[in-house]
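>>> Provided below are the primary sequence and the corresponding predicted coordinates.
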Amino acid sequence: MGPRPLPLYLALEGWTFLTSSTASLLLRGGWQTLNAGHGRNTPSLPALPPLPDGVSAEALADAVDAESRRRFAAFLDGVQRYRHHSYRRRVTDPPMTWSRGVVGLRDYGGPEGGIPVLVVPSQVNRAYILDLNGRRSFMRHLARRGFRPFLVDWGWPGEEEQGFDLTAYITQRLEPALDHVLAVCGRPPMVVGYCMGGLLALALCLRRERDVAGFLALATPWNFHADDSPQMQVMMEAKNWVAEIVESMGEMPVDLLQAMFSGLDPRSIGRKFRAFSAMPQRSAKANAFVGMEDWVNDGVPLAGPVALECLLGWYGENTSFKCQWTVAGEVVDPRRLGVPSMAVIPRNDRIVPPGSAGALAAALPDCVVLDVALGHIGLIVGTAAVREVYGPVVRWMKQTVKDRCVATQ
């Protein structure tokens, strides 16, 4: 299923290989000559340290060339191994118990009297990251712990959804989904949002506060300008021409989304496939890599209006953090939320930096913060997710519902 966009990844790794090989050729001409400019206006390179005793420029050049070849070959081998790996996701998705357009709800069972949970994933990738396999499934874990979990499945934007903005998705899809859960369970659910889904879930909770028991934000961005890294600056510089592509195509294509996310940490592409190349291919670790990589590459496009609202509004103008983002004419202001909340903030998240997610936690008036040493995806499906995230989240939700019941008696 990938990796996608493969031409971009090949170009990035190929460029690294070629520039390293070029540097090795220059080294053969003499270590110090690299500092020599070609004219009066040519900026000089930083002063290079002297070579260690007994090491010649030719030997260093040979080492650089050999290492660049080794890394490029390992990357290519990792990609090939991934593409031909035998692992396939074999869990069966629960049937849709409710749908409107292409959007549906998957009912993961659990006891009839269990605490209902409405889980809202991001629209960028498929919902099954929350049910990746039998051992790594947030949804099935909730069902086993006595909850009644429902997962929103956004599907591929259909003819109607192609024209949707965020307001339409929230008022015409999420709110009817909440109504269905209320009708089936007869009690307000906990509302959980992952990544972008956390912002949609927050808006839903603000609009329907009496119908929800609490709000859980998993790696949910809020201050989109919290990360001032060079990669984020490049992404911000590119937003206008990306918006032109979206306007002309009517959607944000999957490969364009993938390219933008990869740009946040371009070197990670080579690192992860080189690491995969060295794994025993029949190991559980290799299977987990393939499962997650399949999900990463199984994306869906964003409807044009949604993409522009996110790209130009959230990322461009930081409308969420400035409390300028509106849904159906109402400002989405977390400071107004009147139900208990919890924010899970992964410290090693490159997609949603801790400062961005932490800004939401700081704005919520009654918020418990769970800080974990995990990444954006590891938060949900990593080997430590059950211990570090699932357990504390389950305990918080049960206690919150218990406190709510006591308060209403």
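That came through fine. None of the values given here were measured: they were computed from a predicted structure. Residues are numbered from 1 along each chain as shown.
>>> What are the boundaries of the helices in the stretch 251-400 of the chain?
254-262, 267-277, 284-297, 304-308, 354-363, 378-381, 385, 391-408 (DSSP state H, counting those that start in this stretch).
>>> Would you mark the buried spots in the second one?
Along helix 267-277, these residues count as buried under the neighbour rule (16 or more other C-beta atoms under 10 Å): 269-270, 272-274, 276-277. C-beta: built from backbone N, CA, C; applies to glycine.
>>> for that helix, the distance to its chain's centre please.
18 Å (C-alpha atoms, centre = their mean, to the nearest Å).
>>> From the contact counts, what lies against that helix?
Where contact means 3 or more C-beta pairs under 8 Å, 6 or more residues apart in numbering; DSSP states H and E, helix 267-277 is packed against helix 6-28, helix 57-83, helix 284-297.
>>> among the ones you listed, which gets the worst mean confidence?
Ranked by mean pLDDT, these bottom out at helix 6-28, which scores a mean of 84.
>>> what's that helix in contact with?
Residues outside helix 6-28 that contact it (C-beta atoms under 8 Å, 6 or more residues apart in numbering) are 3, 33-34, 57-58, 60-62, 64-65, 67-69, 71-72, 75-76, 79, 255, 259, 262, 266, 269-270.
>>> pLDDT below threshold where in the chain?
In the prediction, the chain carries residues with pLDDT under 70 at positions 1, 27-48, 230-231, 409.
>>> backbone phi and psi for the residue sitting furthest away from the middle of it, please?
Distance from the C-alpha centroid of the chain peaks at Gly54, with 48.2 Å (C-alpha atoms, centre = their mean). Per-residue torsions, Gly54: phi 90, psi 0 (degrees, to the nearest 10).
>>> What residues does it make contact with?
No residues are in contact with Gly54 under the rule C-beta under 8 Å, 6+ apart.
>>> For the residue nearest to Arg404 when sequence neighbours are not counted, give me its contacts.
Of all residues not flanking Arg404 in the chain, Ala213 sits nearest, at 5.9 Å (C-beta to C-beta, 6 or more residues apart in numbering). Residues near Ala213 by C-beta under 8 Å, 6+ apart: 115, 187-191, 339, 400-401, 404.
>>> From these, pick the one nearest Pro365.
Closest approach to Pro365 among these (C-beta to C-beta): Val339, at 9.8 Å.
>>> In this structure the closest one contacts Leu216, no?
No. Val339 is not in contact with Leu216 according to C-beta atoms under 8 Å; the separation is 10.6 Å.
>>> More neighbours: which of these two?
Comparing Val339 with Leu216 by other C-beta atoms under 10 Å, the one with more neighbours is Leu216, at 25 against 21.
>>> which element is the more buried one on?
Assigning secondary structure by DSSP states H and E places Leu216 in strand 214-218.
>>> now the angle from that strand to helix 354-363?
If you take axes from the mean of the first three to the mean of the last three C-alpha atoms, to 10 degrees, strand 214-218 sits at 170 degrees to helix 354-363.
>>> can you offset everything so residue one is 8?
Got it, first residue is 8 now, which makes that one strand 221-225.
>>> Beyond strand 221-225, next helix or strand please.
helix 237-256.
>>> Helices of the stretch 58-207 of the chain, residue ranges please.
Under DSSP H, counting those that start in this stretch, the stretch 58-207 of the chain gives helices at 64-90, 145-151, 173-176, 182-192, 203-214.
>>> Out of those helices, which one sits most buried?
Ranked by mean neighbour count under mean count of other C-beta atoms under 10 Å, those are led by helix 203-214, which reaches a mean of 25.
>>> Give me the helices and strands touching it, please.
Counting by 3+ C-beta pairs under 8 Å, 6+ apart, helix 203-214 packs on strand 122-127, helix 173-176, helix 182-192, strand 197-201, strand 221-225.
>>> will you turn these into JSON lines that also has distance to Glu244?
Output for those, formatted as JSON lines (distance: least, C-beta to C-beta, whole Å):
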{"stretch": "strand 122-127", "distance to Glu244": "31"}
{"stretch": "helix 173-176", "distance to Glu244": "24"}
{"stretch": "helix 182-192", "distance to Glu244": "37"}
{"stretch": "strand 197-201", "distance to Glu244": "28"}
{"stretch": "strand 221-225", "distance to Glu244": "29"}
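>>> No further queries at this time; thank you.
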